[in-house]
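Sequence first, predicted coordinates after that:
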Amino acid sequence: MKKYLLLVLILIIIIVLINFDFFSTLFIVAIKQTQLSSEEWLEDIKYLRREITVRHKDAYANISDTELDKMFNDLINDVPDSEGDEVQLRMLDIIADIGDSHTAIRNFITGADLCYPIELYWFDNGYYVINTIKKYQYLIGSKLNKINGISIETILPKLATLIPHENIYMVINKAPELIRDPRVLRYLGIIEDNDMTFSFLNQENKYLEVAMSPEKINSLELVEDTNGRYSLIKQTYSNWFQYINNQDIIYFYFCKSKIIDSIVNDVIKEVEAGNVDKLIIDLRNNVGGTYIPNNKLINRIKSNEKINKQGNLFVIVGRNTFSAGLLYAVDFRKNTSAIFFGEPTGAKPNHFGDMRKFKLPNSKLVISYSTKYFNLDNQELDSFYPDVIKTLSINDYLNNIDPILNDILNY
C-alpha cells in the first residue's frame, strides 16, 4: 500500500512538472551555464541564430543580415576561448542589436548568483539608492556618481549595448539591473574582480566612497520600508481605484493590462453614474499584458460627454509604460480628449510586439521575440511623449510626494 501511494505521488509530481514546464524554471539558477562545454554553447548559439531569424517578425529591421551574421560568426569562432558568462553576454549584445525591446534573454538577470546589494532608480538628475541591506542603509537617498572611478555618464552607453531598447528611456530604466551584476561590470571592463568602489553624494551633500562586494541574491534582506512609495516607480500586483480627498475625482491605477477586470468594470460604472467630474488614469507602471483593440474602457469613456473633454480626463505615462500599456496610451490619445502627464515612454509608438518565447537546449536561457509590428504613428517618434513632461525628484520620492498627480489635481 505504501509503495502504491509513493508511486501515485511520484506520478502526480511528474505530471505537474511536465504540464507547467516547472522543472526548467525552478532549477534555472542551479544550472551552471559556465560549466557547459564548448560544443554545448555552440549548439545553443546556432539554435539561437536559426530560431531568432525565422521566428521574429523582422530580425533585420534595425541591423543588416551581414552585420548580424558577422556577430554570430565572431561569437562562434571565439567560444573555445570564452567563459560561459562571456558567451551569455555576447549573446545579450547580439540580441540587443536587433533593436527590439521585446526581444531579449528573459532569465539572464534571474540566473545570477550574486549581486551588489543596492537598488537604484533614475530620478530627475541621476541614479539614487532607493533600497539596500542593513549594512548600507545610510546610503538610501544618495546619488550614484561613479563606479571604480568611472562616471555614470561614461558607463551608461556601455550598458546600453546590452539592453534591448528603442530609446534612451528604456536604457535608463533597465540599467540598474545590470549595474548590480558583477558579471556585466567585468565584461565591460569596469571591474577586474568582484570587489569595487561606489562613489555617492548623500543627502547632506557629502561625498562617500563605499567599497562593496556582491552578496548572494537568495540571502539578501532589504531594509527599506517604502510606505507605498513603490507604486510611484514600480508595478504593483493589481489594478485599483479610489476617490481623491472626498472630491468627485477618480484616480485609477491601471498597471495590469486586463480589460476583462472587475476593477475596470467598477471604474466604468462610477463614471457612467454621473458622479465623477475628473478621471485620472495612471499608466506609468503598466508594462503590458493583454491588449484588446476597440475595448470597452476606452469606448465607454469616449462616449461619455461629461468626462471626455480637456480638463476632465487625464492619463499618466512613464518609462515603464510598455507593450500593451503603451498601446492603451496610444488609444486614449487617438480616441479621447485626454491630457497626458508624466515621462516619455520606454518604447516607441511604432514598435515590434506580441511576444513569444523559446528556450535554448543546453543553457536553458529563455529567448523572447516579437511576432507583430504595430504601426501606430505617422511621425516615427522615438517615444510616446506626454503633453506635460514631469519627472520625480529624489526628495519627492523620499517624502512620498507625487508631483505629477498634484499637478493634475491643480490643473
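Received the coordinates, thanks.

ok, which stretches of the stretch 1-150 of the chain are helices?
Using DSSP state H, counting those that start in this stretch, the helices of the stretch 1-150 of the chain run over 2-20, 22-26, 38-55, 65-78, 84-97.

sec struct for the residue nearest to residue 395 when sequence neighbours are not counted, please.
Ranked by Cβ to Cβ, 6 or more residues apart in numbering and with sequence neighbours excluded, the top spatial neighbour of residue 395 is residue 401, at 7.7 Å. All C-beta spots, glycine's among them, are computed from the backbone N, C-alpha and C. Using DSSP: H, G, I helix; E, B strand; the rest coil, the secondary structure recorded for residue 401 is coil.

What is the burial count for residue 401?
A count of nearby residues for residue 401, using other Cβ atoms under 10 Å, gives 15.

With residue 60 instead?
Neighbours around residue 60, by other Cβ under 10 Å: 13.

heads up, I number from 2, so please use that
Okay, residue one is now 2; in that scheme the one you just asked about reads as residue 61.

what's it in contact with, if anything?
Going by Cβ atoms under 8 Å, 6 or more residues apart in numbering, residue 61 touches 54, 69.

which phi and psi does it have?
Here is the backbone geometry of residue 61 (degrees, to the nearest 10): phi -100, psi 20.

hey, least reliable of the helices of the stretch 2-151 of the chain by pLDDT?
Mean pLDDT is lowest for helix 23-27 out of the helices of the stretch 2-151 of the chain, coming in at a mean of 33.

where does the stretch 102-251 of the chain dip in pLDDT?
111-112, 220-221, 225-229, 231-232, 236-238 (pLDDT under 70).

Pretty sure residue 406 sits in a helix.
Yes - Residue 406 sits within a helix when classified using three-state DSSP.

my guess is it contacts residue 253, does it?
No - counting by Cβ atoms under 8 Å, residue 406 sits too far from residue 253 to count as a contact (11.8 Å).

higher neighbour count, those two?
residue 253 (22 against 19).

what sits against that one?
240, 241, 242, 264, 268, 280, 281, 282, 283.

Scan those residues and report the most crowded one.
Busiest of the contacts of residue 253 [other Cβ under 10 Å] is residue 283, holding 28 neighbours.

pLDDT score for that one?
Note for residue 283: predicted pLDDT of 95.

which residues touch the nearest residue to it once chain neighbours are set aside?
Distance criterion Cβ to Cβ, 6+ apart; nearest residue to residue 283, sequence neighbours excluded, is residue 317 at 4.5 Å. Counting by Cβ under 8 Å, 6+ apart, residue 317 touches 281, 282, 283, 284, 285, 341, 342, 343, 387, 405, 406, 409.

For the first one, give me the backbone phi and psi.
Looking back up the chat, that one is residue 281. Taking degrees, to the nearest 10 as the convention, residue 281 sits at phi -120, psi 120.

My guess is it contacts residue 315. True?
Yes - counting by Cβ under 8 Å, residue 281 does reach residue 315; the two are 4.7 Å apart.

what residues are shared contacts of the two?
residue 409.

Measure how buried residue 90 is and give me the count.
Residues within reach of residue 90, counting by other Cβ under 10 Å, total 23.

ok, it touching residue 183?
No - shown here, residue 90 and residue 183 do not form a contact pair, counting by Cβ under 8 Å, at 11.8 Å.

right, and out of the contacts of residue 253, which lies closest to residue 69?
residue 283 (38.6 Å; Cβ to Cβ).

Which residue ranges make up the domains of the chain?
Per automatic domain parsing, the structural domains of the chain span 20-106, 115-220, 231-349+384-410.
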